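Undergrad: coords please:
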Amino acid sequence: MTLAPRQRFVAWVIVLIPAFFIVWHALASVLAAPVVFAAGEILSLWLPSLVDEYSLVGTDMLLKTPFGETAGQLVPLAQAEFQIGFNQDTRLLTYAIPFYAALHFASELDNPIERFGRGLLVLWLLMIVGMICVSLKNLMVSLGTTAFDVGSLPPPAAIALSYQFSVLIIPPVAPICLWAWEARSLPWLNAMIESASARLAKS
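TA: Reported below is the predicted structural model:
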């Protein structure tokens with residue numbers, strides 16, 4: 001039995017999603033490395049008074065501040081018993097990659113590797129912004145008013161909103177938008193969009 005193009009796409013997505021997520025799980029640290037090091041460098045240059053050092057530990061971005069605690073009080077690191085830092089799980093953002101890969105390669109597009117590379121670059125750029133937003137949220141929560149006193153941070157509401165947008169919206173939505181842009185020339189997708197538009201116009 002020959003499947004229609006849309007049915008074939010759905011079938012391939014079902015097959016490819018678990019396969020690409022297995023690959024992502026195995027290579028999660030490698031895929032996260034550009035995000036961690038780019039975000040870390042930007043944060044270090046932007047907020048040197050808040051960021052002491054950063055590193056990639058497994059799939060986590062470890063961000064250390066130049067502050068610590070002594071007897072429950074926030075103090076400079078030289079006076080502290082231990083340093084304040086936090087692990088940030090990059091997989092909260094990078095799961096967009098296997099999702100995008102499944103949609104992309106199920107579409108049977110021309111030049112799939114080249115197009116995937118461009119899409120991956122866009123996702124990495126969005127993830128860098130997302131990791132910066134996650135870091136700002138953690139700095140705000142961990143250091144409180146000190147973070148705003150010594151660093152040029154955006155307002156708390158802007159940090160909270162950007163964090164939620166970067167973690168909850170971008171990872172699932174960005175792959176779909178990228179795929180839709182790449183697949184805009186597919187006849188079955190255009191027919192589906194036109195049909196949906198016609199129904200909306202009638203309602």
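
Undergrad: so which helix or strand of the chain has the lowest pLDDT on average?
TA: Lowest by mean pLDDT, DSSP states H and E among the helices and strands of the chain is helix 187-202, with a mean of 75.

Undergrad: with just CA atoms, put it into CSV.
TA: Extracted in CSV, the C-alpha atoms of helix 187-202 (Å, rounded to 0.1, in the frame of the first residue of the first chain):
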residue,chain,number,x,y,z
PRO,A,187,2.4,20.6,-1.7
TRP,A,188,0.6,18.6,1.0
LEU,A,189,1.6,21.2,3.6
ASN,A,190,0.4,24.1,1.5
ALA,A,191,-2.9,22.3,0.8
MET,A,192,-3.4,21.7,4.5
ILE,A,193,-2.7,25.3,5.3
GLU,A,194,-5.1,26.5,2.6
SER,A,195,-7.8,24.2,3.8
ALA,A,196,-7.4,25.4,7.4
SER,A,197,-7.4,29.0,6.3
ALA,A,198,-10.6,28.4,4.3
ARG,A,199,-12.3,26.9,7.3
LEU,A,200,-11.3,29.8,9.5
ALA,A,201,-12.6,32.3,6.9
LYS,A,202,-16.0,30.6,6.9
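
Undergrad: give me the contact list for the biggest strand by length in the chain.
TA: In the chain, assigned by DSSP state E, the strand with the most residues is strand 60-70. By CB atoms under 8 Å, 6 or more residues apart in numbering, the residues outside strand 60-70 that reach it are 32, 35-36, 39-40, 43, 49-56, 74-77, 79-90, 131, 135, 138-139, 142-143, 146. Backbone N, C-alpha and C define where each C-beta goes, glycine included.

Undergrad: from residue 158, how far off is the closest residue to residue 42 other than its chain neighbours?
TA: What sits nearest to residue 42 in space, not counting adjacent residues and going by CB to CB, 6 or more residues apart in numbering, is residue 132, at 6.1 Å. From residue 132 over to residue 158 the distance is 12 Å, taken as CB to CB, to the nearest Å.
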